[in-house]
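*Asks:* Sharing a sequence plus its predicted fold:
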Amino acid sequence: PEGSFEVLNMMEQSGGHPTQLILEALIDACSQQQQLQQQQRRTHPKGEREDYIDRAMRILLRMQEASYPPSLRTYKHVLRMCAQVGNSEKALAILDLIKEAGLQPNEAVYAYLIECFATQGNKEKALETLERMKVSRVVPARRAYHAALRACAQAKDTTALLSMFEKMTAKEGEGGEEITPNRITYNHLIRGHLRVNELDKAYTVMEQRMAKEGGLTPQVDTFKLFVNYFFGRRDIETIFSAVKQFRKAGMVVNADVVAAVAECVMKANEGSKVASVLELAKEGGIVIPKTVHKALVSLEAKSVNNNG
């Protein structure tokens, strides 16, 4: 949004006044730039970082000064930015601004705040905020509960995780309603069990709760949780056993599944497992991209040479 700010400054210097629509567009630009920065950090973790949340908050103040009171939707836009990076300090500041403006925080506002604490791994604050919602007579919905589940999983507290799951799926008090678990819900449970090395319980969630009771076919996002778990333990062989268990639960081995296994094998430098990857692709009728296939074959050749 650098160019956008320059235009804004030029407008003000020439005596012009930005409209509410322009200021809201600037906040949207900040949000988009932060998302782009987050994506770039995955490949360039040491790259420079801009504080787009601070810029968005300055725009909020400009809106107030220009007698363009931000709507709750605009405040939520900035809260979402805070949730993406776990900036609870600024999220709490925005919550204060919302209340000072005489607006009533709704479920989405609290959900974003819980997501901030979940990203930080602060389970206590996340659950405290969930209770704060109920005291304020704001009924938690799926998003708030998912954020709380993620906080429990991050904290490696499976007791709190399962308790939160039960609360989510049960009618709680006046205005509360039962929330049907979806794949994201079950993935939080699986992630929590895997973080404390409860592999059997993680499989039980996938096979019993998700597939059998929930009627949901496991997809690659769930499969990747197990792949990452085995990769972390350098147990590449067991990934192929996981494929068999997921197949039994109804998962179709598609290009994404093969790609996840191939990536893991290459990252682990396990040339001896290349043949298994190629066989997996063949069974599913999957054509591996040429660049990936070349890398796999090269890895296998190096493994043969080293062992020969």
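*Replies:* Yes, it's here.
*Asks:* Residue 135 - how many residues pack around it?
*Replies:* 7 (other Cβ atoms under 10 Å). Just so you know, the C-beta spots here come from the backbone N, C-alpha and C atoms, and that holds for glycine as well.
*Asks:* where does it land on pLDDT?
*Replies:* Per-residue pLDDT puts residue 135 at 89.
*Asks:* low-confidence ranges in this structure?
*Replies:* 1-18, 41-50, 171-177, 307-308 (pLDDT under 70).
*Asks:* at 80 what do you get?
*Replies:* Flagging of the chain using pLDDT under 80 yields the residue ranges 1-22, 33-50, 65-66, 171-178, 304-308.
*Asks:* Now do the buried residues in the lengthiest helix in the chain.
*Replies:* Using DSSP state H to define each element, the chain has its longest helix at helix 20-43. Neighbour-count burial for helix 20-43, with 16 or more other Cβ atoms under 10 Å as criterion, is recorded at 22, 23, 24, 26, 27, 29, 30, 31, 33, 34, 37.
*Asks:* so who does the third one touch?
*Replies:* Residue 24 is in contact with 63, 74, counting by Cβ atoms under 8 Å, 6 or more residues apart in numbering.
*Asks:* Likewise for the second one?
*Replies:* Contacts for residue 23 were tallied using Cβ under 8 Å, 6+ apart; they are 59, 62, 63, 66, 68.
*Asks:* picking that back up, any idea which of the buried residues of helix 20-43 is the one closest to residue 291?
*Replies:* Comparing these against residue 291 with Cβ to Cβ places residue 37 closest, at 27.0 Å.
*Asks:* returning to that earlier point: and the contacts of residue 23 as TSV, adding neighbour count, secondary structure and distance to residue 188?
*Replies:* As requested, the contacts of residue 23 are exported to TSV (neighbours: other Cβ atoms under 10 Å; DSSP: H, G, I helix; E, B strand; the rest coil; distance: Cβ to Cβ, whole Å):
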residue	neighbour count	secondary structure	distance to residue 188
59	25	helix	34
62	16	helix	38
63	20	helix	36
66	13	coil	42
68	19	coil	39
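*Asks:* Could you look up the SS state of the closest residue to residue 284 other than its chain neighbours?
*Replies:* Leaving aside its chain neighbours, residue 284 sits nearest to residue 253 (4.0 Å; criterion: Cβ to Cβ, 6 or more residues apart in numbering). Assigned with DSSP: H, G, I helix; E, B strand; the rest coil, residue 253 falls in the coil class.
*Asks:* quick one: residue 253 from residue 285, how far?
*Replies:* Per Cβ to Cβ, to the nearest Å, residue 253 is found 9 Å from residue 285.
*Asks:* Which residue of the two possesses the greater neighbour count?
*Replies:* Ranked by neighbour count (other Cβ under 10 Å), residue 253 and residue 285 place residue 253 first, with 19 against 9.
*Asks:* Reformat the contacts of residue 23 as JSON lines; add distance to residue 207.
*Replies:* Shown next, in JSON lines, are the contacts of residue 23 (distance: Cβ to Cβ, whole Å):
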{"residue": "59", "distance to residue 207": "49"}
{"residue": "62", "distance to residue 207": "54"}
{"residue": "63", "distance to residue 207": "51"}
{"residue": "66", "distance to residue 207": "57"}
{"residue": "68", "distance to residue 207": "54"}
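*Asks:* Just give me the closest of these to residue 103.
*Replies:* Nearest to residue 103 among these, with distances taken as Cβ to Cβ, is residue 63, at 13.4 Å.
*Asks:* contacting residues around that closest one?
*Replies:* 20, 23, 24, 69, 70, 74.
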